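Student: Sequence first, predicted coordinates after that:
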Amino acid sequence: MNSTASALSDSTPGPALAPAPSAKEVERLSNLRNIGIMAHIDAGKTTVTERILFLTGRTYNIGEVHHGEATMDYLEDERKRGITITSAATQCEWRETTINLIDTPGHVDFTVEVERSLRVLDGAVAVFDGVAGVEAQSETVWRQADRYGVPRIALINKLDRQGADFDKAYESILHRLQCNAVRMQVPIGTEKDFSGVVDLITRKAWKFTEGDGPTIEEMSIPEDMLDLVEERRQELIEKVVEVDDALVDRFLEGDEISEDEIRAACRTATLLRHAVPVFCGSALQDKGVHALLDGVVDFLPSPLDKEILTGLDPKDETTEIQRQPDADEPMAALCFKTIADPNGDLTFLRIYSGTLKRGDQVWNPRTRRKERVGRLMFMHADKREAADEVRAGNICAVVGLKQAITGDTVCDLTQPILLESISFPEPVISMSIEPSSLADRDKLTDLLGRIQREDPSFRAVTDSETEEQVISGMGELHLEIITTRMGRDHGIEVKVGAPRVAYRQTLASEKDIEGKQIKQSGGSGQYAVVNIRFSPLPLDAEEPYEFVDSTKGGVVPDTYIPAVRKGVQESMNAGGKLGWPFVGIQAELHYGKHHDVDSSELAFQLAAERAFREAADGNFKLLEPVMRLNVQVPEEYIGDVIGDLNTRRVSIKEITMDGPLREIDGQVPIAEMFKYAGTLRGLTQGRGNFSMEPNGYQVVPVAVQENLVRDRMGE
């Protein structure tokens with residue numbers, strides 16, 4: 001066993017640290033948790049959140065998702081469909097600890113909501129269905145949490161359902177998520193007989209009792225579970241003591257490890273993301289949520305447990321600046337969500353350092369402008385609770401920031417800092433829309449701009465050739481909800497065209513091109529020559545465009561290099577004859593010529609644009625977005641479902657048995673999956689389910705490309 005405990009205090013050498021927070025500030029921050037609830041759709045996230053709000057006294061009635069009464073699902077579409085569409089924030093108290101909680105969507109079309117929430121959260125609760133275990137979107141949100149280094153605990157939910165199996169769901173967490181999951185409890189009873197849990201740290205059994213609200217009573221551990229409890233407890237200890245060499249030695253020597261030592265080791269292991277504590281329950285039946293809340297307080301990080309905040313000096317964007325989570329530090333916050341409103345945009349902020357007060361002026365490094373904070377508030381779903389100030393570590397919302405968008409930093413005027421922004425996936429589906437009434441054309445344009453401010457995964461552009469408004473998003477449901485809200489909430493009825501796939505292009509082969517922009521006929525001329533080697537990058541390249549300057553001897557002066565880079569980028573975005581943007585390209589500028597009088601930035605930009613257009617002419621491959629696909633169907637329909645999938649260019653990875661269901665995992669081009677929900681319902685008499693998530697791009701087969709090009713050019 002290897003010790004990793006020192007990792008909590010180790011940090012990469014960097015700028016000098018700010019003074020440590022005062023003892024009073026340390027106490028305040030220690031009793032603060034910023035967490036998110038994340039999971040696959042229908043795993044029970046919102047139900048868990050509703051129970052948390054009720055248990056903590058934040059609400060006095062339990063809102064049921066299936067009745068359309070959930071507090072956190074406040075949008076009309078959420079209540080009608082019984083799903084979470086937008087992340088919602090609230091605040092509650094448990095064991096003298098303030099919990100800022102964000103309930104996130106589980107549907108893949110709204111994964112951007114998970115992305116921006118995880119960027120600002122310190123910890124997360126992952127909820128899994130006790131029958132299905134790890135599902136497709138469970139893996140997606142898990143990878144998102146990994147990307148942001150978010151420690152998490154897990155709840156295996158719905159253990160009272162027929163077919164629920166705690167150990168099987170636990171094994172799926174171990175194997176499908178490749179994490180060190182640690183059982184903290186053992187359930188008493190299965191399915192409809194699920195009636196309690198045994199806490200493995202304390203060796204205490206708790207029985208869930210009926211009554212006015214969720215209650216628990218201590219009971220004796222059932223005789224037939226004593227050996228299992230001891231076995232599971234030893235397994236827990238073995239997994240968590242790995243973070244402490246001294247505890248490892250004592251464990252191997254057979255010494256008794258105290259409850260406090262186990263709990264401390266478990267906390268350390270969780271903060272290091274070395275372990276994931278796993279709890280069990282049934283939130284709908286008020287079972288197991290008490291222990292989950294204890295786990296949030298005991299094991300998830302406070303702002304003090306996170307790495308020191310590091311940003312850049314906005315003046316040069318290279319010098320690093322560090323800030324402590326301290327109300328007395330200069331203020332620094334990140335905008336992670338915007339709700340457009342005619343009466344003033346509502347901007348959600350995570351305050352990393354300092355104190356933000358109502359009426360303060362703040363600096364936005366992106367816009368290089370000052371803005372004034374109007375109203376300041378804490379959110380409880382769609383309800384606003386006014387505040388005079390918000391201190392470091394908290395999540396709040398403000399009215400008055402007119403220019404701030406998702407990913408922007410707002411900070412102290414005199415001591416500015418630029419924080420890392422948030423990256424979002426590119427849209428994969430487009431469709432044309434037009435207002436039913438010409439009188440609504442201008443109103444539609446304004447509305448689309450507001451929606452884009454709210455939703456970074458949504459795009460709206462005007463086709464330069466057809467003058468159509470084209471909207472793009474993450475899936476059919478995403479765009480369906482947006483167009484529905486246009487009519488219902490804003491009174492703008494729209495006609496919707498057929499869905500379109502967001503194709504991309506890349507180069508088929510390397511080309512070395514000389515691009516020229518020469519106009520010297522008297523007066524101010526234009527002169528630029530660039531020799532650029534264009535090469536395709538691998539499909540999994542991190543960046544869609546790489547620019548390399550390998551010129552020597554000043555053949556292209558340094559002042560013109562950015563113009564060359566920009567010219568290639570703009571030509572790639574224009575998409576050549578087909579209009580689909582180019583990606584996955586390296587442009588190496590290796591030679592060029594300039595004129596002391598007639599050269600300009602514009603001339604070099606135009607020369608670079610011409611060079612790329614020539615390189616791409618007849619030398620392209622189409623790329624199409626592909627989705628990871630998971631289909632669950634009863635055994636008797638498997639043949640018909642696979643037969644249909646084979647007509648959709650599905651690459652089936654594996655077919656497994658999951659209880660009475662067959663589970664098909666594979667990859668499929670999104671172009672082949674429009675209206676698949678209706679097809680699957682018809683093939684399985686409504687008993688089949690499927691889910692998809694974006695999985696990058698792949699090269700379009702030659703025959704399909706020929707048809708696409710023919711159709712595109714015919715337009």
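Tutor: Cool, got the structure.

Student: Spit out the contact partners of the nearest residue to residue 123 once chain neighbours are set aside.
Tutor: The shortest distance from residue 123 to any residue other than its chain neighbours is 3.4 Å, reached at residue 300 (C-beta to C-beta, 6 or more residues apart in numbering). (Each C-beta comes from the backbone N, C-alpha and C, glycine too.) When the contact criterion is C-beta atoms under 8 Å, 6 or more residues apart in numbering, the partners of residue 300 are 33, 35, 122, 123, 124, 151, 152, 153, 270.

Student: between those residues, which is closest to residue 615?
Tutor: Nearest to residue 615 out of those is residue 124 (C-beta to C-beta; 45.0 Å).

Student: For stretch 677-694, give me every contacting residue.
Tutor: Contact partners of stretch 677-694, identified using C-beta under 8 Å, 6+ apart, comprise 40-41, 108, 111, 135-137, 139-140, 425, 428, 474-475, 625-634, 637, 640-641, 644, 668, 670, 673, 676.

Student: Quick check: end-to-end length of that stretch?
Tutor: In terms of C-alpha to C-alpha, to the nearest Å, the two terminal residues of stretch 677-694 are separated by 17 Å.

Student: Show me what the host helix or strand of residue 279 is packed against.
Tutor: If you go by DSSP states H and E, residue 279 is part of strand 276-280. If you count contacts as 3 or more C-beta pairs under 8 Å, 6 or more residues apart in numbering; DSSP states H and E, strand 276-280 packs onto strand 152-157, helix 166-176, strand 181-183, strand 185-188, helix 259-271, helix 289-299.

Student: Could I get these in CSV, plus columns for mean pLDDT, mean neighbour count and distance to residue 552?
Tutor: Output for the helices and strands packed on strand 276-280, formatted as CSV (pLDDT from 0 to 100; neighbours: other C-beta atoms under 10 Å; distance: least, C-beta to C-beta, whole Å):
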stretch, mean pLDDT, mean neighbour count, distance to residue 552
strand 152-157, 98, 28, 51
helix 166-176, 94, 18, 52
strand 181-183, 98, 23, 55
strand 185-188, 97, 24, 67
helix 259-271, 97, 20, 50
helix 289-299, 97, 21, 57
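
Student: Out of these, the one nearest residue 603 is which?
Tutor: Of all the helices and strands packed on strand 276-280, it is strand 152-157 that lies closest to residue 603, at 53.8 Å by C-beta to C-beta.

Student: okay, the angle between the closest one and helix 259-271?
Tutor: Regarding strand 152-157 and helix 259-271, their directions subtend 100 degrees when assessed with axes from the mean of the first three to the mean of the last three C-alpha atoms, to 10 degrees.

Student: Please tell me how far residue 469 sits from residue 655.
Tutor: Here the criterion is C-beta to C-beta, to the nearest Å. By it, residue 469 lies 42 Å from residue 655.

Student: how about the helices in the stretch 601-715 of the chain?
Tutor: 601-616, 638-646, 676-684, 702-714 (DSSP state H, counting those that start in this stretch).

Student: picking that back up, and the strand holding residue 279, what's buried?
Tutor: The neighbour-count criterion (16 or more other C-beta atoms under 10 Å) identifies 276, 277, 278, 279, 280 as the buried residues of strand 276-280.

Student: looking only at pLDDT, what's the mean for it?
Tutor: Per-residue pLDDT values across strand 276-280 average out to 98.

Student: What strands line up against it, and which way round?
Tutor: Paired strands of strand 276-280, with direction, are strand 152-157 (parallel), strand 181-183 (parallel) (DSSP bridges).

Student: Might you quantify the distance of it from its chain's geometric centre?
Tutor: From the chain centre to the centre of strand 276-280 is a distance of 22 Å (C-alpha atoms, centre = their mean, to the nearest Å).

Student: From the chain's centroid, how far away is the helix or strand that contains residue 535?
Tutor: When secondary structure is defined by DSSP H and E, residue 535 falls within strand 526-536. Centroid separation for strand 526-536 versus its chain: 38 Å, with C-alpha atoms, centre = their mean.

Student: Touching, residue 92 and residue 53? I think so.
Tutor: Yes: Residue 92 is within contact range of residue 53, at 6.0 Å (criterion: C-beta atoms under 8 Å).

Student: Give me the common contacts of these two.
Tutor: With contacts taken as C-beta under 8 Å, 6+ apart, residue 92 and residue 53 have no neighbour in common.

Student: Compare those two (neighbour count), which wins?
Tutor: Comparing residue 92 with residue 53 by neighbour count (other C-beta atoms under 10 Å), the higher total belongs to residue 53, at 25 against 20.

Student: pretty sure the more buried one belongs to a helix, no?
Tutor: Yes: counting by DSSP: H, G, I helix; E, B strand; the rest coil, residue 53 is located in a helix.

Student: gap between it and residue 385?
Tutor: Distance check for residue 53 against residue 385: by C-beta to C-beta, it reads 14 Å.

Student: Then residue 630?
Tutor: Residue 630 is 40 Å from residue 385, by C-beta to C-beta.

Student: before we move on, back to that, so what strands line up beside the following helix or strand past the strand holding residue 535?
Tutor: Toward the C-terminal end, the helix or strand that comes next after strand 526-536 (DSSP H and E) is strand 545-549. On the basis of DSSP bridges, the sheet neighbours of strand 545-549 come out as strand 585-594 (parallel).

Student: if we can go back for a sec, so what pLDDT did the residue nearest to residue 123 get?
Tutor: 98.

Student: Can you tell me how far it is from residue 453?
Tutor: Remark: distance between residue 300 and residue 453 (C-beta to C-beta) = 32 Å.

Student: Make TSV from the contacts of residue 300 and add distance to residue 399 to it.
Tutor: TSV is the format used below for these (distance: C-beta to C-beta, whole Å):
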residue	distance to residue 399
33	26
35	25
122	25
123	28
124	28
151	32
152	32
153	34
270	36
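
Student: For residue 616, state which of those is nearest.
Tutor: Among the contacts of residue 300, and counting by C-beta to C-beta, the member closest to residue 616 is residue 124, at 43.1 Å.

Student: Touching, the closest one and residue 37? I think so.
Tutor: Yes: Residue 124 is within contact range of residue 37, at 7.4 Å (criterion: C-beta under 8 Å).

Student: okay, those two: which has more neighbours?
Tutor: residue 124 (29 against 26).

Student: where's the helix or strand encompassing the more buried one relative to the chain centroid, distance-wise?
Tutor: Taking DSSP H and E as the criterion, the element that holds residue 124 is strand 123-129. The chain centroid and the centroid of strand 123-129 are separated by 14 Å, computed with C-alpha atoms, centre = their mean.

Student: Following the chain past it, name the next helix or strand.
Tutor: The C-terminal neighbour of strand 123-129 among helices and strands, as given by DSSP H and E, is helix 136-147.

Student: residues near residue 686, how many?
Tutor: Should you count by other C-beta under 10 Å, residue 686 turns out to have 9 residues around it.

Student: ranges for the strands of the stretch 451-600 of the chain?
Tutor: Assigned by DSSP state E, counting those that start in this stretch, the strands in the stretch 451-600 of the chain fall at 459-462, 469-473, 494-496, 500-501, 504-507, 511-519, 526-536, 545-549, 585-594.

Student: neighbouring strands for the third one, and are they parallel or not?
Tutor: By that I understand strand 494-496. strand 429-435 (antiparallel).

Student: Okay, angle between the strand it pairs with and strand 469-473 too, please.
Tutor: With the same axes, to 10 degrees as the basis, strand 429-435 and strand 469-473 are set at 140 degrees to each other.

Student: Now do the phi/psi pair for the residue nearest to residue 123.
Tutor: The phi/psi pair for residue 300 (degrees, to the nearest 10) reads phi -80, psi 150.

Student: how much space is there between it and residue 581?
Tutor: With distances taken as C-beta to C-beta, residue 300 is found 41 Å from residue 581.

Student: Could you do residue 658 as well?
Tutor: Here the distance between residue 658 and residue 581 works out to 40 Å (C-beta to C-beta).

Student: Look up phi and psi at residue 368.
Tutor: For residue 368, the backbone dihedrals (degrees, to the nearest 10) come out as phi 60, psi 40.
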